[in-house]
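Engineer: please find the sequence and the predicted model below.
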Amino acid sequence: MGRDKALLPWPKDAGATSAGGTILSFAIKSLSPYCDFVMVVAGKNEDALRPVVYGCGASLIRNPMPEHGQFSSLQTGLWEVLNRGRDSAMVTLVDRPAPHAETLDELVKAFWTRSYGIWAIIPEYQGIMGIPS
């Protein structure tokens, strides 16, 4: 692709105009009302993501071993959540548009009303895990 997907213009119809942002900036702004803080875990793309992350009021966390793949980024982010004294997190990929507010409302509601022993809430659409595009 030649560039970081997280930095693609979003919403799609905004193009490269100043009226739009990026997939990453949209995700940060969408998640902010639902979280105490938003963290973005970066690897080799840290320098490219930094202005967007800080410009949107989020924190940037460096994955020290990005060559180990997405799971290592998840581990890095979850360790940082624990280091900041939290015991829950909302996790999403950075290279796709954030879920709609209605979906985030439902996820938060499901989390706070879950039964004892349930430690994760995973969105599902038409019987398939995930959120439709």
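Structural biologist: Great, that's in hand. Numbering: from 1, shown residues only.
Engineer: on the pLDDT front, check Pro132 for me.
Structural biologist: Note on Pro132: pLDDT of 66.
Engineer: brain fart, Ala14
Structural biologist: 57.
Engineer: tell me the secondary structure at the residue of the chain most remote from its centre.
Structural biologist: Distance from the centre of the chain peaks at Tyr116, with 25.9 Å (Cα atoms, centre = their mean). The three-state assignment at Tyr116 reads coil, by DSSP: H, G, I helix; E, B strand; the rest coil.
Engineer: quick one, domains of this structure?
Structural biologist: Following automatic domain parsing, the chain resolves into domains at 5-95, 99-133.
Engineer: in the last one, what's buried?
Structural biologist: Within domain 99-133, the residues that qualify as buried are 99, 104, 107, 121, 123, 131, counting by 16 or more other Cβ atoms under 10 Å. Any C-beta I mention is one placed from the backbone N, CA and C, and that applies to glycine too.
Engineer: and the second one, what does it touch?
Structural biologist: Translated: Leu104. Neighbouring residues of Leu104 by Cβ atoms under 8 Å, 6 or more residues apart in numbering: 30-31, 34, 90, 98.
Engineer: any idea which of those is closest to Trp79?
Structural biologist: Distance to Trp79 across the contacts of Leu104 (Cβ to Cβ) is lowest for Met90, with 16.0 Å.
Engineer: do you know how far the closest residue to the closest one other than its chain neighbours is from Gly130?
Structural biologist: Nearest residue to Met90, sequence neighbours excluded (Cβ to Cβ, 6 or more residues apart in numbering): Cys35, at 5.9 Å. Distance of Cys35 to Gly130, given as Cβ to Cβ, to the nearest Å: 20 Å.
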